[in-house]
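Engineer: Sequence below, structure please.
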Amino acid sequence: MNIVVLDAGTLALDDAVWSALGKLGDVQLYVSTSSDAETIIQRIREAEVVFTNKVPLSAEVLEAAVSLKFIGVLATGYNVVDVAAAERLGQTLCNVPAYGVATTAQHAVALILELCNHVGQHSASVHVGDWVRSELFSYWKQAPRELAAMTIGIVGFGTIGRRVAAAVNAMGARVLASARTERDTPDYDGFEWASNDVIFERADLVSLHCPETSQTSGFVNAALLATMKRGALLVNAARGGLVCEVSLEAALRSGALGGAAVDVLCNEPMAADCPLLGAPNCFITPHIAWASEPARRRLFDTSVDNLQRFIAGHPVNVVQNNT
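Structural biologist: The predicted model follows:
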């Protein structure tokens with residue numbers, strides 16, 4: 001069985017780990033692969049199995065891979081694959097759900113706390129001597145915000161959103177949450193279901209945890225941001241395409257928003273002309289919420305298991321075309 005991994009470097013695992021995949025067939029590992037169709041086709045033309053994290057597999061690419069039987073997405077999101085084309089061509093597509101719930105929720109909470117406590121800003125200030133020169137025992141560039149005095153909006157109340165909500169509620173915050181289906185209401189005090197419009201109007205900080213779909217793509221636009229409280233905060237550890245970056249930059253620069261912290265952007269790697277590059281009070285991390293070592297191992301192990309079960313004739317985590 002010919003197995004091709006198009007962007008193995010994303011997982012940053014050593015060769016000994018990848019050897020588990022080698023027990024299932026002949027493996028060709030590529031650290032990275034450019035997104036142009038010609039290069040991708042050249043690399044997977046003879047493959048029976050292909051794994052990808054972010055390398056796009058368009059209909060054109062899939063049609064050219066005449067031997068391809070199995071596509072493994074090294075992620076939960078599978079928007080890099082033309083699902084309808086894979087189904088039409090009889091290619092089984094599998095993803096890895098829930099491997100990064102704990103680490104992604106943790107990172108989202110870190111972004112929330114950075115916006116509230118400005119740890120990085122104050123550490124940098126101390127290291128350039130501001131505390132040495134201070135006449136007082138304490139000073140601040142921006143006063144900390146107390147979660148116990150805040151309402152936190154969670155847009156997308158799945159497994160990650162629920163963990164983030166529970167964490168901030170444990171520190172005293174009130175929680176407003178939206179979901180496609182309101183179910184399994186938390187039993188802690190200070191929780192309330194609300195629409196997205198209400199969340200953006202009432203919350204002191206909004207944290208995004210919903211998938212990017214045709215309905216949610218770019219929904220955080222200038223009009224919605226204008227409904228937020230002046231000085232409110234925005235966190236995005238979900239998908240970059242949820243937010244209109246030009247509108248967010250304008251809201252930050254005008255002072256309408258007090259700050260934003262994002263782990264995801266519309267274009268990744270970041271484009272040199274990204275509107276958020278250099279925006280005031282904007283923290284950006286390079287899509288690392290998912291990337292703890294335990295999470296990457298779970299991702300790999302489940303991916304191998306997906307292929308093993310496919311070979312055995314009992315595939316799991318199969319992505320269905322719902323269009």
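Engineer: longest helix anywhere in the protein?
Structural biologist: Counting by DSSP state H, the longest helix found in the chain is helix 293-311.
Engineer: And that helix, what does it pack against?
Structural biologist: When contacts are defined as 3 or more CB pairs under 8 Å, 6 or more residues apart in numbering; DSSP states H and E, helix 293-311 sits against helix 15-22, strand 70-73, strand 92-94, helix 101-117. C-beta: built from backbone N, CA, C; applies to glycine.
Engineer: Tell me who's in contact with R174.
Structural biologist: 150-152, 190-192 (CB atoms under 8 Å, 6 or more residues apart in numbering).
Engineer: Revised request: answer the last question for D263.
Structural biologist: So D263 contacts 107-108, 111, 236-237, 284-289 (CB under 8 Å, 6+ apart).
Engineer: Tabulate these (CSV), appending neighbour count, distance to N317 and pLDDT.
Structural biologist: Listed next are those as CSV, based on neighbours: other CB atoms under 10 Å; distance: CB to CB, whole Å; pLDDT from 0 to 100:
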residue, neighbour count, distance to N317, pLDDT
H107, 24, 23, 98
A108, 27, 24, 98
L111, 26, 28, 98
N236, 25, 26, 98
A237, 27, 22, 98
I284, 18, 31, 98
T285, 15, 27, 98
P286, 11, 27, 97
H287, 19, 22, 97
I288, 12, 24, 97
A289, 21, 21, 98
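Engineer: Tell me which two of these sit farthest apart.
Structural biologist: The largest distance within these, taken as CB to CB, falls between A108 and P286 and amounts to 15.2 Å.
Engineer: how close does T92 get to E63?
Structural biologist: Counting by CB to CB, to the nearest Å, the gap from T92 to E63 is 16 Å.
Engineer: and stretch 265-282, what's its mean pLDDT?
Structural biologist: The average of the pLDDT scores along stretch 265-282 is 96.
Engineer: That one: which residues count as buried?
Structural biologist: Using 16 or more other CB atoms under 10 Å as the test for burial, stretch 265-282 gives 265-266, 274-276, 279, 281-282.
Engineer: Tell me the one of the residues you listed nearest Q28?
Structural biologist: For the buried residues of stretch 265-282, the residue nearest Q28 by CB to CB is L265; the value is 30.0 Å.
Engineer: which residues does the closest one contact?
Structural biologist: Taking CB under 8 Å, 6+ apart as the definition, contacts of L265 comprise 240, 245, 271, 274, 276, 284, 287.
Engineer: Surely the last one touches E268?
Structural biologist: This means H287. Yes. Applying CB atoms under 8 Å, one finds H287 in contact with E268, separated by 5.8 Å.
Engineer: How far does the host helix or strand of I152 sit from its chain's centre?
Structural biologist: Taking DSSP states H and E as the criterion, I152 maps to strand 151-155. Distance of strand 151-155 from the chain centroid (CA atoms, centre = their mean, to the nearest Å) equals 17 Å.
Engineer: Stretch 223-238 too?
Structural biologist: Distance, centroid of stretch 223-238 to centroid of chain: 18 Å (CA atoms, centre = their mean).
Engineer: can you give me the strands in the stretch 201-323 of the chain?
Structural biologist: 205-208, 232-236, 257-262, 282-284 (DSSP state E, counting those that start in this stretch).
Engineer: Partner strands of the first one, with direction?
Structural biologist: Partner strands and pairing direction for strand 205-208 (DSSP bridges) are strand 151-155 (parallel), strand 232-236 (parallel).
Engineer: Likewise for the third one?
Structural biologist: The strands that strand 257-262 pairs with in its sheet are strand 232-236 (parallel), strand 282-284 (parallel) (by DSSP bridges).
Engineer: Can you add distance to Y30 and give those strands back as TSV?
Structural biologist: As requested, those are exported to TSV (distance: least, CB to CB, whole Å):
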stretch	distance to Y30
strand 232-236	30
strand 282-284	27
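Engineer: how much space between the residue sitting furthest away from the middle of the chain and A124?
Structural biologist: Residue farthest from the centre of the chain, counting by CA atoms, centre = their mean, is E135 at 43.0 Å. Separation of E135 from A124 (CB to CB): 20 Å.
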